[in-house]
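Asker: what's the 3D shape of this:
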Amino acid sequence: MKSNGISRRDFVAGTASAIAGFTILPRFVLGGAGFKPPSEKLNIAAVGIGGQGKENIKACEGENIVALCDVDWRYAGPVFQSHPNAKKYKDFRKMFDEVKDIDAVVVATPDHTHAVIAMTAIKMGKHVYVQKPLTWSIEEAHKLTEAARQAKVATQMGNQEHSGEDIRVLCELVWLGAIGNVHEAYAWTDRPVWPQGIGRPVTAPVVPEGLDWDNWLGPAPVRPYHPAYHPFTWRGWMDFGTGALGDMGCHKIDYIFWALKLGYPTSVEAYVSSRVVKIWEKVENKETYPDAEIVRYEFPVRGDMPPVKLTWFDGGLKPPRPAELEKERNLSANGIILIGDKGTIVEGRLVPESRMKDYKKPAQSIPRITGTHEQNWIDACKGGPPACSNFEYAGPLTETVLLGNVAIRTGKRIEWDGSNMKVTNIPEANELLGRKYREGWTL
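Answerer: Down below sits the predicted model:
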C-alpha cells in the first residue's frame with residue numbers, strides 16, 4: 001500500500017510514524033500492554049516449510065504470515081493447517097507474482113535452491129532469512145552478499161548459535177588474551193547422520209502425490225525422483241546438499257571464525273575415508289560426500305593475530321585430546337578447541353576446569369541478543385541494527401566453509417585467492433566454485 005508517496009515498507013521500517021488518512025490507535029485500545037498493532041507487523045512469506053522452515057515460522061508468528069510455499073504439500077501439510085489464512089503455493093515464483101505485500105521472506109529449502117529464491121526476493125527489495133549454509137556454492141554466496149548490500153535489505157543466515165551467549169563469551173575470552181595468541185584450532189561434528197559415501201540409486205519410484213519433483217530439482221541437473229533424496233537425505237548428495245561440512249560448519253566453525261577474526265584462508269586440503277575413495281574410483285561422477293573426512297585450512301596474519309591452522313573433522317572423527325583436559329572428561333559429539341601459547345579452550349571453557357573456575361569472567365564487550373535468532377532479523381527488518389549473522393558476515397563464512405568441499409572434490413591441496421575468488425594452483429578447481437544451472441533457472 002502507498003499513501004502520499006510513503007510506502008508500507010518505509011512505514012514498517014519506522015521511517016514514518018503516521019501517514020495521512022490513517023489513524024493509529026494507542027496500543028492499550030487494541031489489546032493491552034504487549035499487543036502489537038497490525039501496522040507494526042511485517043508481512044512474512046516462507047519457502048520450504050516442512051523441515052527446519054517449520055521452526056523458523058514458529059519464531060516469526062508474532063508477525064503476519066501471509067504466504068507459504070513448498071513443493072511437497074503432503075510434507076508441508078501440518079504447517080499449512082496451522083496458518084489457514086496464509087496463501088499456499090508450490091512455486092515461489094508464482095507466489096512472488098501474486099502476493100504483492102510481502103515484506104520479508106524465510107528460505108528453508110534444500111541447499112541447492114537457497115540462492116535462486118533468496119536472490120529473487122532481494123531483487124524485489126524484500127528482506128531475507130536464509131537457512132545455513134547460505135548457499136550451495138561459493139559463487140552463489142558471493143553474489144548473494146553483493147546483491148543484499150546493493151539492495152540494502154535486512155538479512156540473516158540461520159546459524160542460530162550466532163545469537164547465543166556461548167559464542168560471545170568465547171570471543172571475549174580470546175580477545176582479552178585468556179589463552180594468548182591462538183595458533184591452532186579444531187572443530188568437529190558427529191554428522192553425517194544420513195547416508196553418504198554411496199552411489200546413485202538405480203530404481204526410479206513413482207513420484208509421490210503432492211510433490212512437484214521438477215520444481216524440487218530447481219537449478220540442479222535432472223534425475224529421477226527417489227526417496228534417497230527427499231525429504232531429508234538430500235544433504236549428502238553433491239547435486240543438492242553440502243554434506244556434513246556444509247551442514248554443521250556454519251555452526252561450529254562460526255565460533256572460530258568470529259573469535260579469531262578470520263577472513264579467507266590461503267589454502268585448504270582435505271582427506272577422505274579410504275572406503276569412499278574406492279567408491280569414487282568406480283563411478284564417472286562423484287555423487288555423495290564422504291562418510292568421514294578431515295579438512296585443513298590455513299589462515300594468514302590478521303592484524304595482531306598470528307597465522308592459524310584450523311582442522312575440521314566429521315563422521316565421528318575427533319581431534320587429539322588436549323593434554324590439559326581431565327582424563328575423566330570426554331569430548332562431546334560436536335565441539336571446538338582453540339590452542340594458544342598461554343592455554344587451551346575446549347568447547348568454550350578453559351582447561352583444566354580449575355582454571356576456568358579461577359578465571360575472572362571478562363566484562364561483556366559484545367551486545368547480547370534478546371529473543372530468538374529470527375527475532376533479531378525481524379528487528380533489523382524494522383529499522384534496528386543489522387542482524388548479527390547478516391550476509392556481510394555470513395557470506396564470507398559460508399564461502400570459507402564451502403571451500404573445504406572444493407578441496408574434497410579435487411582431492412588436492414588448493415591455494416586460494418579469496419579477494420579475487422580464484423583457486424590459483426589448480427585452474428580446473430575454479431569450475432567447482434559454482435555451476436551451470438539447468439535451462440529455465442537463473443540467479
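
Asker: please count neighbours and contacts with C-alpha atoms only from this point.
Answerer: OK.

Asker: Asp341 touches Asn181, doesn't it?
Answerer: Yes. Shown here, Asp341 and Asn181 form a contact pair, counting by C-alpha atoms under 8 Å, at 5.6 Å.

Asker: more neighbours: the two, which one.
Answerer: Asn181 (21 against 13; other C-alpha atoms under 10 Å).

Asker: chain neighbours aside, what residue packs nearest to the more buried one?
Answerer: Leaving aside its chain neighbours, Asn181 sits nearest to Gly340 (5.1 Å; criterion: C-alpha to C-alpha, 6 or more residues apart in numbering).

Asker: tally of neighbours for that neighbour?
Answerer: Residues near Gly340, counting by other C-alpha under 10 Å: 19.

Asker: residue boundaries of the helices in the stretch 201-350 of the chain?
Answerer: 213-217, 243-259, 274-282 (DSSP state H, counting those that start in this stretch).

Asker: please disregard the earlier target; I meant the stretch 51-200 of the chain.
Answerer: For the stretch 51-200 of the chain, the helices defined by DSSP H, counting those that start in this stretch cover 52-59, 77-82, 92-98, 114-123, 138-151, 165-175.

Asker: okay, buried residues for the second one please.
Answerer: Taking 16 or more other C-alpha atoms under 10 Å as the basis for neighbour counts, the residues of helix 77-82 that come out buried are Val79, Phe80.

Asker: okay, now the unreliable bits of the stretch 251-400 of the chain?
Answerer: Along the stretch 251-400 of the chain, the parts satisfying pLDDT under 70 run over 281-285.

Asker: hang on, the earlier thing: list the contacts for the residue nearest to Asn181?
Answerer: Residues near Gly340 by C-alpha atoms under 8 Å, 6 or more residues apart in numbering: Ile179, Gly180, Asn181, Val182, His183, Glu184.

Asker: in contact with the residue nearest to the second one when sequence neighbours are not counted, which residues?
Answerer: The shortest distance from Gly180 to any residue other than its chain neighbours is 4.9 Å, reached at Lys342 (C-alpha to C-alpha, 6+ apart). Contacts of Lys342 were listed using C-alpha under 8 Å, 6+ apart, and they are Ala178, Ile179, Gly180, Asn181.

Asker: next, count neighbours for the first one.
Answerer: Right, Ala178. 22.

Asker: Asp212 and Asp70 touch, don't they?
Answerer: No. Here Asp212 does not reach Asp70: they are 9.0 Å apart, not a contact under C-alpha under 8 Å.

Asker: can you list residues touching both of those two?
Answerer: Counting by C-alpha under 8 Å, 6+ apart, the residues touching both Asp212 and Asp70 are Lys90.

Asker: neighbour count winner among these two?
Answerer: Asp70 (27 against 16).

Asker: that one against Gly50, yeah?
Answerer: Yes. In this structure, Asp70 is within contact of Gly50 by C-alpha under 8 Å, at 7.4 Å.

Asker: where do the contact lists of those two overlap?
Answerer: In contact with both Asp70 and Gly50: Ala76, using C-alpha under 8 Å, 6+ apart.

Asker: could I get the helices of the stretch 201-350 of the chain as a markdown table with distance to Trp416?
Answerer: Formatted as a markdown table, the helices of the stretch 201-350 of the chain follow (distance: least, C-alpha to C-alpha, whole Å):
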| stretch | distance to Trp416 |
| --- | --- |
| helix 213-217 | 30 |
| helix 243-259 | 17 |
| helix 274-282 | 24 |
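
Asker: okay if I get the ones you listed as JSON lines plus mean neighbour count?
Answerer: Shown next, in JSON lines, are these (neighbours: other C-alpha atoms under 10 Å):
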{"stretch": "helix 213-217", "mean neighbour count": "18"}
{"stretch": "helix 243-259", "mean neighbour count": "24"}
{"stretch": "helix 274-282", "mean neighbour count": "14"}
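
Asker: closest one to Pro205 among those helices?
Answerer: Between Pro205 and the helices of the stretch 201-350 of the chain, the tightest spacing by C-alpha to C-alpha is seen for helix 213-217, at 11.9 Å.

Asker: so which of the helices of the stretch 51-200 of the chain is nearest Glu399?
Answerer: Of the helices of the stretch 51-200 of the chain, nearest to Glu399 by C-alpha to C-alpha is helix 138-151, at 4.8 Å.

Asker: coming back round to it: just say which of the helices of the stretch 51-200 of the chain is most tucked in.
Answerer: Highest mean neighbour count among the helices of the stretch 51-200 of the chain (mean count of other C-alpha atoms under 10 Å): helix 114-123, with a mean of 21.

Asker: what's the angle between that one and helix 138-151?
Answerer: 10 degrees (axes from the mean of the first three to the mean of the last three C-alpha atoms, to 10 degrees).

Asker: can you list contacts of helix 114-123?
Answerer: By C-alpha under 8 Å, 6+ apart, helix 114-123 touches 92, 96, 105, 107-108, 127-128, 130-131, 134-136, 140-141, 144, 147-148, 151, 153, 441-443.

Asker: what's the answer for stretch 86-99, then?
Answerer: By C-alpha under 8 Å, 6+ apart, the residues outside stretch 86-99 that reach it are 47, 65-73, 80, 117, 121, 212, 215.

Asker: report the mean confidence score over that stretch.
Answerer: For stretch 86-99, the mean pLDDT works out to 98.

Asker: before we move on, what about stretch 235-245?
Answerer: Here the average pLDDT along stretch 235-245 is 97.

Asker: distance between the ends of it?
Answerer: 10 Å (C-alpha to C-alpha, to the nearest Å).

Asker: list the buried residues in that stretch.
Answerer: By neighbour count on 16+ other C-alpha under 10 Å, the buried set for stretch 235-245 is Arg235, Gly236, Trp237, Met238, Asp239, Phe240, Gly241, Thr242, Gly243, Ala244, Leu245.
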